[in-house]
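Trainee: Turn this into a model:
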Amino acid sequence: MLSNKSEYMPLSESDVDLIKSDLYPKMKRTVVWLSAGLLCLNSLAPYMGTRFGGRPKIETMGYLKAFIFYSIISGCLIFYSYWSLVIVLRKDLENGRKCVFRTKISRKVWNGHQQFEIFFENVPNGFLRKKFIYPITESHKFHQGEVVALEYLERSAMLLRVSVEERIFKSL
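Mentor: The predicted model follows:
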């Protein structure tokens, strides 16, 4: 029987390399693109009305005040995204450990785009999804009913790798 607890292990050299060379720059790029998008939106937001039929902010407070209002909201969103993506990932790297969670593959489904969707019975707290997509080249590694180990970072809930633990043969 599988427990719903995570075990802790130290980060391997390959994990540290993955974080430094792939995940960390990707999260920084995400924050930069989000910032650029919100900056563009800030210049247009004073002219937009609300969903509920309200008047645009430019009519009630003028362009400069509306721009400052939306800039403060965007600044808070940018700070939150920087904290939740970049700073938390850096803290996981400084912590130097990863979590390992064991679960079963409940379903494996072909989605028609040279990819498989793999659904897990349980996922650790912090994961918002129970399915993961894999290309056809890696699909032979995973089969329905197998026990897999999900290796992830504790604070940021970034998935490092999924590996097959053991085969479970069902009696027919």
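Trainee: Isn't residue 133 up against residue 111?
Mentor: Yes - proximity of residue 133 to residue 111 meets the contact threshold set by CB atoms under 8 Å, at 7.3 Å. Heads up, the C-betas are built off the backbone N, CA and C, glycines and all.
Trainee: Common neighbours of those two, please.
Mentor: Each of residue 117 lies in contact with both residue 133 and residue 111 under the rule CB atoms under 8 Å, 6 or more residues apart in numbering.
Trainee: residue contacts, residue 151?
Mentor: Contact analysis of residue 151 by CB under 8 Å, 6+ apart lists 9, 15, 98, 99, 100, 159, 160, 161, 162, 163.
Trainee: Among the residues you listed, which ones are in helices?
Mentor: Of the positions in these, residue 15 sit in helices, assigned by DSSP state H.
Trainee: where exactly do the strands run in the chain?
Mentor: 7-10, 97-110, 115-120, 131-135, 147-152, 159-166 (DSSP state E).
Trainee: residue boundaries of the helices in the chain?
Mentor: Under DSSP H, the chain gives helices at 13-18, 24-44, 57-61, 63-82, 88-95.
Trainee: Now the first one: average pLDDT?
Mentor: Spelled out, that is helix 13-18. For helix 13-18, mean pLDDT is 93.
Trainee: May I see the buried residues of it?
Mentor: Buried residues in helix 13-18, counting neighbours by 16 or more other CB atoms under 10 Å, are found at 15, 18.
Trainee: now could you export just the CA positions of it as CSV?
Mentor: Below are the C-alpha coordinates for helix 13-18, written out as CSV (Å, rounded to 0.1, in the frame of the first residue of the first chain):
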residue,chain,number,x,y,z
GLU,A,13,24.1,17.3,-9.3
SER,A,14,21.8,16.7,-12.2
ASP,A,15,18.9,18.2,-10.2
VAL,A,16,21.0,21.3,-9.4
ASP,A,17,22.0,21.6,-13.1
LEU,A,18,18.4,21.3,-14.2
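Trainee: quick revisit: in terms of mean pLDDT, which of the helices of the chain ranks lowest?
Mentor: Among those, helix 57-61 scores lowest, with a mean of 83.
Trainee: Fine by me, thanks again.
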